[in-house]
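S.K.: missing the sequence, but the structure's below:
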Ligand code: NDP
Ligand code: 2IT
């Protein structure tokens, strides 16, 4: 069997074995197709059945979470943690609380996390978890009760050297606080079992900013390769949560103009870019009050488009040079990609996980767009989580400047790794292929070194 057939066989096998998990299939296809050249050159990966092994999680935990709302009514949700791969370190990855969460979603995220974490250069394996719990409209007390009950089961599976969860969609500083409090109460140990913690109790400076800042640093590296920078560029950002907020801040600091933000209800156009006042209102509304972006649009009299995606309104208003999808998976489809390319797009830096469909990615690449794939471009968040783990182990706290410096260096290294492997395997500039191979070889070689599991 040649490498191409091997890859197709494994993909078919994964699909048959994991029915009704389209997002997981998509993530596996995206990675495996780019690995053909390295499998051709290095037969050891086929011999050791690395693809069969790497697509099968080491452990999958599914549990019931029962919680009581403010009216005394009981609700049942499903909690899960997928411990995907521990070849290079303890399982590491976020928790997502969103009604769309199911095993397939968590598996796609956990699978991506394996390669992303390897790219950071830090010793972290891949994992992901979450629940179909919907935090929208819940009171603080309801969120706390949910987090406590979630941790009542999760605690027995995690630990500073075993599995270290963090935030993702619907899980931010508030939730990490409640989860950490519950963990500490149950096990009676103060340890670095979660990242994204508060600054007073073991958190790292720059962790909240890390994904958005990191994606922008990565974008700068891509632009630099073409002799470009952000000055005067019109940047469409989707989402208005953690990643979008700090991408918007950094893009603006570096001279770009953020022309859109969005949430699950619609999108906002920013004709003059984002200033401190608008940024603070977005932060207050989304990160503190967990409210609606539309309220910010109303407050500043900015155009609001209910039910629309950021891309659609960005292209309607003029040129778009850069897209930073920072909300959720598959939020850029082929149609969106075509619209963006027509509007003058030069680069995409993926802040969200798997935000572009496979045909959208192909369209970007075929049209010579600089494409920064999620597992490289958004790795800054987990990278600073890794730095938070280091600081917890040493029982000290680095300054903002130290962490930011390290983050910048890591993003530069990730860019260079992707560029190096793309060149080595015959597709210079293909950061998708280069990043996948760069992450893969580190994990695969470690799996081979450690025997047959
Ligand atoms: P947040 O919960 O802080 O924000 C999510 C944002 O996306 C909100 O504006 C939300 O709108 C919007 N959104 C979520 N789901 C949908 C949907 N189905 N359709 C439309 N809009 C949606 O999450 P983060 O900013 O942390 O995460 C955003 C993306 O970045 C995710 O893909 C996540 O996996 C990825 N990521 C996050 C990292 C991190 O460190 N936080 C690290 C690396 C990647 P609303 O408020 O209305 O729900
Ligand atoms: O997708 C991601 O990389 C995250 N949500 C961050 C994970 C982490 O452990 O910080």
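M.R.: Thanks, I have the structure now. Keep in mind that this is a model prediction, so the values were computed, not measured. Numbers count the residues shown, from 1 in each chain. Ligands and ions are numbered 1, 2, ... in the order given.
S.K.: now do stretch 357-373, average pLDDT.
M.R.: Per-region confidence: stretch 357-373 scores 98 on mean pLDDT.
S.K.: next one: stretch 380-391
M.R.: 98.
S.K.: say whether ligand 1 is contacted by that stretch.
M.R.: Yes - Stretch 380-391 is in contact with ligand 1 by CB under 6 Å from any ligand atom, via residue 381. C-betas here are computed from N, CA, C, even on glycine.
S.K.: near ligand 2, which residues of the stretch 1-150 of the chain?
M.R.: So far as CB under 6 Å from any ligand atom goes, the stretch 1-150 of the chain lies against ligand 2 at 92-94, 116.
S.K.: err, the stretch 351-453 of the chain, not the other one
M.R.: Checking the stretch 351-453 of the chain against ligand 2 by CB under 6 Å from any ligand atom, the hits are 353, 381-382, 385.
S.K.: secondary structure for those - can I get that in CSV?
M.R.: Listed next are these as CSV, based on DSSP: H, G, I helix; E, B strand; the rest coil:
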residue, secondary structure
353, coil
381, helix
382, helix
385, helix
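S.K.: pick the one among these closest to residue 128.
M.R.: Among these, residue 353 lies closest to residue 128 (CB to CB), at 9.2 Å.
S.K.: need phi/psi at the residue lying closest to the closest one once chain neighbours are set aside.
M.R.: Excluding the flanking residues, the one nearest residue 353 by CB to CB, 6 or more residues apart in numbering is residue 374, at 5.0 Å. The phi/psi pair for residue 374 (degrees, to the nearest 10) reads phi -50, psi -50.
S.K.: and for residue 374, the neighbour number?
M.R.: 24 (other CB atoms under 10 Å).
S.K.: got a list of what it touches?
M.R.: 112, 116, 350-355 (CB atoms under 8 Å, 6 or more residues apart in numbering).
S.K.: out of those residues, who's the most crowded?
M.R.: Counting by other CB under 10 Å, top hit in these: residue 351 with 32 neighbours.
S.K.: what residues does the stretch 151-300 of the chain put near ligand 1?
M.R.: So the stretch 151-300 of the chain meets ligand 1 at 167-170, 172, 211, 239-244, 263-265 (CB under 6 Å from any ligand atom).
S.K.: same question, the stretch 301-450 of the chain
M.R.: Close to ligand 1, as judged by CB under 6 Å from any ligand atom, the stretch 301-450 of the chain has residues 326-328, 351-353, 378, 381.
S.K.: follow-up on the earlier one: closest to ligand 1 out of the residues of the stretch 151-300 of the chain next to ligand 1?
M.R.: Nearest to ligand 1 among those is residue 241, at 1.8 Å by CB to the nearest ligand atom.
S.K.: ok, the closest residue to residue 123 other than its chain neighbours - contacts?
M.R.: Once flanking residues are discounted, residue 123 sits nearest to residue 89: 3.6 Å by CB to CB, 6+ apart. By CB under 8 Å, 6+ apart, residue 89 lies in contact with 117, 122-125.
S.K.: just residue 144 next, same as before
M.R.: residue 178.
S.K.: separation between it and residue 49?
M.R.: 45 Å (CB to CB, to the nearest Å).
S.K.: SS state for residue 78?
M.R.: Using three-state DSSP, the structure places residue 78 in strand.
S.K.: avg pLDDT for the helix or strand that residue 30 is a member of?
M.R.: Residue 30 belongs to helix 22-34 when elements are defined using DSSP states H and E. Taken as a whole, helix 22-34 carries a mean pLDDT of 98.
S.K.: in the chain, which helix is the longest?
M.R.: For the chain, the helix reaching the highest residue count under DSSP state H is reported as helix 400-424.
S.K.: which elements pack onto the helix or strand that comes right after it?
M.R.: For helix 400-424, the succeeding helix or strand toward the C-terminus, using DSSP H and E, is helix 431-449. Secondary structure elements in contact with helix 431-449, counted by 3 or more CB pairs under 8 Å, 6 or more residues apart in numbering; DSSP states H and E, are helix 22-34, helix 36-41, helix 50-54, helix 103-119, strand 370-372, helix 374-377, helix 400-424.
S.K.: contacts made by the shortest one with the rest, please.
M.R.: This points to strand 370-372. Contacts of strand 370-372 (CB under 8 Å, 6+ apart): 215, 218-219, 222-223, 225-226, 346-350, 361, 364-365, 429, 431-432.
S.K.: got a quick ChimeraX command for the buried subset of these?
M.R.: This is the ChimeraX syntax for the buried subset of these, where burial follows 16 or more other CB atoms under 10 Å:
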select :215,218,219,222,223,346,347,348,349,350,361,364,365,429,431,432
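S.K.: from the contacts of strand 370-372, which land in strands?
M.R.: Of those, the ones assigned to strands by DSSP state E are 347-349.
S.K.: turn these into a markdown table, including distance to residue 312 and pLDDT.
M.R.: Below are the ones in strands among the contacts of strand 370-372 laid out as a markdown table (distance: CB to CB, whole Å; pLDDT from 0 to 100):
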| residue | distance to residue 312 | pLDDT |
| --- | --- | --- |
| 347 | 19 | 98 |
| 348 | 16 | 99 |
| 349 | 19 | 99 |
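S.K.: got the angle for the one helix or strand residue 213 maps to vs helix 431-449?
M.R.: For residue 213, the host element (DSSP H and E) is helix 207-224. Going by axes from the mean of the first three to the mean of the last three CA atoms, to 10 degrees, helix 207-224 is angled at 120 degrees with respect to helix 431-449.
S.K.: show me the protein divided up by domain.
M.R.: 59-189, 210-368 (automatic domain parsing).
S.K.: measure the last one end to end?
M.R.: Length of domain 210-368, first residue to last, CA to CA, to the nearest Å: 28 Å.
S.K.: next one: that domain to chain centre, how far?
M.R.: Its chain's C-alpha centre and that of domain 210-368 lie 15 Å apart, by CA atoms, centre = their mean, to the nearest Å.
S.K.: just to revisit the earlier point, so which of the ones in strands among the contacts of strand 370-372 is the closest to residue 203?
M.R.: Closest to residue 203, out of all of those and judged by CB to CB, is residue 349, at 25.5 Å.
S.K.: perfect, I'm done here.
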